[in-house]
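A.B. asks: A predicted structure for the sequence below; I have some questions about it.
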Amino acid sequence: MRWLPTICLLLPLAPALAQNPIHRCIGADGNPVFTDRVCSDVQATPTRPAASPAATTAPAIGEPPPILCAADLAELKQGVVDAFATRDANRLAGLMLWGGYGRRAVVADIGSLRELMQRPLLDVAETAPDAAPDDSGFADGPAPPGTAAAPATGATRALVLRTAADDGTGVAREARYAIVRSAGCLWLRPAG
């Protein structure tokens, strides 16, 4: 019974000794490997190199972070401008509400976004709704499954993207996207 108090004193130290960091690696076959050993011990490559002290203290320079949920129209417009600045069709697609679209339609639409982004962005403007002044003019997002969608009321606001013409005419091209409010965010609705 004398060893019982000693074990009780050493017991809290056991988890601290047993906790090794988990290393995230990519194996030779390309599959992820999670191990408590160093990646090189299991013939794998670390997924993230260890951060140097200079890298952790230096401010990040580069593109702004993507807008994941535009709370207002200004944020939505800025997200579009940022996507065009980096020529990132996926970033622009992230501002769109894709509910109800099939996979093929989404892939095709992202392809057309990629083509659209090859031309310089001239302007991002909104069209005003033909509705009552107290109405926001934003369309509602998709209804939850099993419920009826709200009926459409009047015209909705749209975001018009004007890009330079690539045919030498000098006439700007326009792409229109309805602005939809869903889950407290503003989204673009792809045409079609």
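C.D. replies: Arrived safely, thanks for sending.

A.B. asks: shouldn't G79 be in contact with L68?
C.D. replies: No: G79 is beyond contact range of L68, at 9.1 Å (criterion: Cβ atoms under 8 Å). The C-beta positions use only the backbone N, C-alpha and C, and glycine is treated the same way.

A.B. asks: so the two - more neighbours on which side?
C.D. replies: G79 (23 against 9; other Cβ atoms under 10 Å).

A.B. asks: wait, is the more buried one part of a strand?
C.D. replies: No: counting by DSSP: H, G, I helix; E, B strand; the rest coil, G79 is not found in a strand; it is helix.

A.B. asks: tell me where the chain has helices.
C.D. replies: Per DSSP state H, the chain carries helices over the ranges 3-10, 13-18, 53-57, 73-86, 89-93, 103-116.

A.B. asks: by mean pLDDT, show me the worst of those.
C.D. replies: Ranked on mean pLDDT, the bottom entry among those is helix 53-57, at a mean of 50.

A.B. asks: hey, which strand is longest across this protein?
C.D. replies: strand 173-182 (DSSP state E).

A.B. asks: and that one with helix 73-86, angle?
C.D. replies: 130 degrees (axes from the mean of the first three to the mean of the last three Cα atoms, to 10 degrees).

A.B. asks: quick one: strand 173-182 to helix 103-116, angle?
C.D. replies: Using the same axes, to 10 degrees: strand 173-182 against helix 103-116 is 130 degrees.
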